[in-house]
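[1] how would this look folded up:
(one chain, ligands or ions: 2)
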Amino acid sequence: MTKAVVFGTGSWGTTFAMILAEAGTPTTLWGRRAEVVESIDRRRENPEYLPGVRLPATVRATTDPVEAMEGADFVVLAVPSQTLRGNLAQWSPHIPSHAVLVSLMKGIELRTSRRMSEVICEVAGVPAERVAVVSGPNLVGELIRHEPAATVVASVDDEVAARLQEACHLPWFRAYTNTDVVGVELGGAVKNVIALAVGVAAGMGLGDNVRAMLMTRGLAEISRLGAALGADPHTFAGLAGMGDLVATCTSPLSRNRTFGENLGRGMTMAETIAATRQTAEGVKSCESVLDLARKHDVEMPITEVVVGVVHDGMTPSEAAMLLMSRTPKPERYGV
Ligand SMILES: NC(=O)C1=CN([C@@H]2O[C@H](COP(=O)(O)OP(=O)(O)OC[C@H]3O[C@@H](n4cnc5c(N)ncnc54)[C@H](O)[C@@H]3O)[C@@H](O)[C@H]2O)C=CC1
Ligand SMILES: O=C(CO)COP(=O)(O)O
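    Ligands and ions are numbered 1, 2, ... in the order given. The predicted structure follows:
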């Protein structure tokens, strides 16, 4: 029988463990904090991240990474992106030799500008064929109510993607396979940056025309970066591209959008960070996305102003003015 371990008892890690277990894949959750692990194991609930959600009996939890990985066919990683490298270095000596490593994370590493699957290959010393990525419009607040949703399971090896698809596919959760790992990962990471921009605009009291403009031109930025990195352009019209962009930029459940909205309303960065309990990946990844764009000579003006507002003291009004005063150009410029 296929078995999985999920590293990270946050909102997505716990929810994906629930999905795997419901799809017939017994799953062990690894968490750092003994009280969270004990609650999941004894009471089948993660009160901090998913209060009131009853987890299936086939979800177990432990703080011991070695015990967690015993016999696992899928090693699923759901910790904040910037912590992956350090954590995985400790876990990788114990990963079963046949296991597939799966990233649920939507971030780009600071300093190296690497995608999460690249960090996994490098740190765990595994070939790309043993890595898969799950990304799509998957807001946890809806999934825990078993509302219908779909996702993309990507691996350069389509058999690996098909195995993972089988391990997580449910009547209410449709998993589609894809072999474009680069495109699927970029879609997930960069939409968080665009959601920050959309949130800032909403916080400033701006309306749907602005939201549509930022989302559409944001998708143009994602596509330009994707083209430079060799992604399949069709991926960005799919669930991991436009799909996730729509969900994240329009939902009040999105942490990235909410983070931007608080900034747009006039909260300081310190106040906004204090008001954010969970991981808003775009806050750090906006800088690594911009680095990646610069390395590949790709223009990403929305990402640039997001970095300005989040990290360099630019005001939301200055950001809006900068974007609106750019040189007029054809819509397909640079694509
Ligand atoms: N929540 C959502 O709706 C979705 C989240 N994601 C992605 O999943 C990834 C994980 O996000 P969430 O579970 O939502 O975040 P979260 O903030 O809910 O949970 C993060 C988990 O990581 C743990 N953690 C924090 N720092 C750590 C460290 N240094 N070492 C080990 N563990 C640490 C926390 O204790 C917590 O259990 C992110 O990349 C996010 O973009 C993807 C799809 C949906
Ligand atoms: O990735 C997500 C939905 O697909 C979750 O978005 P946030 O991290 O902004 O909450």
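
[2] going forward, measure contacts and count neighbours with C-alpha atoms only.
    Will do.

[3] show me which residues of the stretch 201-335 of the chain sit near ligand 1.
    Q278, T279, E281 (Cα under 6 Å from any ligand atom).

[4] can you report phi and psi for the closest residue to A280 other than its chain neighbours?
    Distances taken as Cα to Cα, 6 or more residues apart in numbering put N256 closest to A280, at 5.0 Å, once the chain neighbours are dropped. Dihedral pair for N256: phi -70, psi -50, per degrees, to the nearest 10.

[5] then A197?
    Dihedral pair for A197: phi -60, psi -40, per degrees, to the nearest 10.

[6] test my guess that the residue nearest to A280 contacts A197.
    No: using Cα atoms under 8 Å, N256 makes no contact with A197, being 9.0 Å away.

[7] the more surrounded of the two?
    Ranked by neighbour count (other Cα atoms under 10 Å), N256 and A197 place A197 first, with 34 against 29.

[8] now Q82: closest residue in space that isn't a chain neighbour?
    In space, and not counting its chain neighbours, Q82 is closest to E109: 5.8 Å by Cα to Cα, 6+ apart.

[9] now S81
    Spatial nearest neighbour of S81, chain neighbours left out: G107 (5.4 Å); criterion: Cα to Cα, 6+ apart.

[10] give me every residue that touches the one you found.
    For G107, the contacting residues are S81, Q82, R115, M116, G188, A189, V190, E281, G282, S285, by Cα atoms under 8 Å, 6 or more residues apart in numbering.

[11] now do the phi/psi pair for it.
    Residue torsions, per degrees, to the nearest 10, at G107 are phi -150, psi 170.

[12] ditto for G136
    Phi and psi for G136, reported as degrees, to the nearest 10, are phi 170, psi -180.

[13] most centrally placed residue in this protein?
    The residue lying closest to the centre of the chain (Cα atoms, centre = their mean) is K106, at 2.4 Å.

[14] surely that residue is in a strand?
    No: secondary structure assignment (DSSP: H, G, I helix; E, B strand; the rest coil) places K106 in coil, not in a strand.

[15] just the pLDDT for it.
    Here the pLDDT value assigned to K106 is 98.

[16] show the backbone phi and psi for it.
    When read as degrees, to the nearest 10, the backbone of K106 gives phi -120, psi 70.

[17] so what's it closest to, chain neighbours aside?
    Closest residue to K106 apart from its sequence neighbours, by Cα to Cα, 6+ apart: A189 at 4.5 Å.

[18] tell me who's in contact with the one you found.
    Neighbouring residues of A189 by Cα under 8 Å, 6+ apart: K106, G107, I108, E281, G282, S285.

[19] mind doing that once more with 7 Å?
    Applying Cα atoms under 7 Å, 6 or more residues apart in numbering to A189 gives the contacts K106, G107, I108.

[20] for it, phi and psi?
    Here is the backbone geometry of A189 (degrees, to the nearest 10): phi -80, psi -40.

[21] count of neighbours near whichever residue of the chain sits closest to ligand 2?
    Using Cα to the nearest ligand atom, the closest approach of the chain to ligand 2 is made by S254 at 3.4 Å. Look at S254: counted by other Cα under 10 Å, it has 20 neighbours.

[22] also the one 4 residues further on?
    Here the number of neighbours of T258 (other Cα under 10 Å) works out to 26.

[23] could you do R42 as well?
    R42 has 11 neighbouring residues, counting by other Cα under 10 Å.

[24] kindly report the same for P330.
    Neighbour count of P330, defined by other Cα under 10 Å: 6.

[25] what kind of secondary structure is it in?
    Secondary structure, three-state DSSP: P330 is coil.

[26] look up how far R257 lies from it.
    Note on P330: its distance to R257, by Cα to Cα, to the nearest Å, is 29 Å.

[27] same thing with T248?
    Going from T248 to R257 by Cα to Cα gives 7 Å.

[28] so for those two, which residues contact both of them?
    Listed as contacting both T248 and R257 by Cα under 7 Å, 6+ apart are A195.

[29] still on that earlier bit, weed out the non-buried ones from the residues of the stretch 201-335 of the chain next to ligand 1.
    Using 16 or more other Cα atoms under 10 Å as the burial test, those include E281 as buried.

[30] and of the residues of the stretch 201-335 of the chain next to ligand 1, the nearest to E45?
    Relative to E45, the closest of these is Q278; by Cα to Cα it sits at 17.8 Å.

[31] circling back: now the residues of the stretch 201-335 of the chain next to ligand 1 as a markdown table including distance to ligand 2 and secondary structure?
    Below are those laid out as a markdown table (distance: Cα to the nearest ligand atom, whole Å; DSSP: H, G, I helix; E, B strand; the rest coil):
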| residue | distance to ligand 2 | secondary structure |
| --- | --- | --- |
| Q278 | 8 | coil |
| T279 | 7 | coil |
| E281 | 6 | coil |
